[in-house]
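Asker: Just to be clear, the model below is a prediction. Sequence and coordinates:
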Amino acid sequence: MKMKLLFLTMITICAASVAVLPNHLAAAQKDKPAGLSTPDIDLVSATRVLDAAQKKAEEINCKMDIAVVDAGGNLKAFARMDGAWLGSVDIAIKKAKTSRFFDMPTGAIGELSQPGGPLYNIEVSNGGLITFPGGVPLKNAAGEVIGAIGVSGSTVENDHTCATAGAEAL
């Protein structure tokens, strides 16, 4: 009998919570400051960034893996050029994520993460970061970070050159 009473009490509480939930959600939306949102890269822009990086890679005769992530660090667009290294797929994605997580080029993070530096060992955080050049934040016309690009497949200088070309396509 006690179990049945406990079960019925739990159902009543759950039903009451579900009935009140829409009111709390509405109140939360009402109290939300106007304009509080995170700008994000759209697919058309991500594709433009990807295409510009790929074009630069072709100009300098490199086969690259190119990743574009959104404002949340989630993969938005990706291209693996024919013949690009398989091992660079993960590196390109991690470069893009690293750049977005810290809103700076991965090469700048690498400078700060040297032994004795303020970010020493940061590359072992967040499930693994890449702290050498090839990741660049993507900004909208207002200067807000809306994603990032990561490129891998050649020297870090070439990777950075292609990533920068992609970023400049915005």
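Answerer: Noted; the coordinates are in hand. These numbers were taken from a predicted model, which means no experiment stands behind them.
Asker: and K95, how many neighbours?
Answerer: Here the number of neighbours of K95 (other CB atoms under 10 Å) works out to 36. (C-beta placed from N, C-alpha, C; glycine too.)
Asker: which residues touch it?
Answerer: A67, T106, I130, G134, G135, G150, V151, S152, D159, A163 (CB atoms under 8 Å, 6 or more residues apart in numbering).
Asker: can you pull the contacts of the residue nearest in space to the middle of the chain?
Answerer: The chain has G73 as the residue nearest its centroid, 1.7 Å off, counting by CA atoms, centre = their mean. Contact analysis of G73 by CB under 8 Å, 6+ apart lists A96, K97, R100, F101, A148.
Asker: and the fourth one, what element?
Answerer: Using DSSP states H and E, F101 falls within helix 87-102.
Asker: next helix or strand past that helix?
Answerer: helix 106-112.
Asker: what residues are up against K94?
Answerer: G128, L129, I130, G150.
Asker: picking up where we left off before, save the contacts of G73 as a markdown table, and put in pLDDT, distance to Q54 and neighbour count too.
Answerer: Shown next, in a markdown table, are the contacts of G73 (pLDDT from 0 to 100; distance: CB to CB, whole Å; neighbours: other CB atoms under 10 Å):
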| residue | pLDDT | distance to Q54 | neighbour count |
| --- | --- | --- | --- |
| A96 | 98 | 15 | 35 |
| K97 | 98 | 20 | 25 |
| R100 | 98 | 20 | 26 |
| F101 | 97 | 24 | 17 |
| A148 | 98 | 16 | 34 |
